[in-house]
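[1] Sequence first, then the predicted structure:
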Amino acid sequence: MILLNETYEFKVAWCKVCDQGWVAIVKAKGTNQYWVQCSECYSEWDHPLHAQLNIHIRETIDPSSEEIQEIGWGEYIIRD
Ligand SMILES: [Zn+2]
């Protein structure tokens, strides 16, 4: 993501992943979803505090087949 304003008005942390860029608050276009992202390596965190401490709290689990069908992603699964 190229920020036009190089002063990074919304920076919240110096990136601990690449050590080369600022982590700034970003928003997904057309939504009300916000998170923070490094301007250099594009690492993402859910919350400014997570970027400052470089912790990823989001845990992943395997969804059920029913859930996958529900969100309409079943058609993308590669079945050999
Ligand atoms: Zn980075």
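    Nice, I can see it. Numbers count the residues shown, from 1 in each chain.
[2] so what's K16 closest to, chain neighbours aside?
    If you skip the residues right next to it in sequence, K16 has N54 as its closest partner in space, 4.0 Å away by C-beta to C-beta, 6 or more residues apart in numbering. Yep, even glycine has a C-beta here, placed from its N, CA and C like the rest.
[3] Give the closest residue to the most centrally placed residue in the chain in space, chain neighbours not counted.
    Using C-alpha atoms, centre = their mean, the residue of the chain that lies closest to the mean C-alpha position is E44, 3.5 Å off. Nearest residue to E44 in three dimensions, chain neighbours excluded: Q37, at 5.0 Å (C-beta to C-beta, 6+ apart).
[4] Distance-wise, check the one you found relative to I68.
    If you measure Q37 against I68 using C-beta to C-beta, to the nearest Å, the figure is 27 Å.
[5] higher neighbour count, the two?
    In terms of neighbours (other C-beta atoms under 10 Å), Q37 is the more surrounded of Q37 and I68; the figures are 19 against 15.
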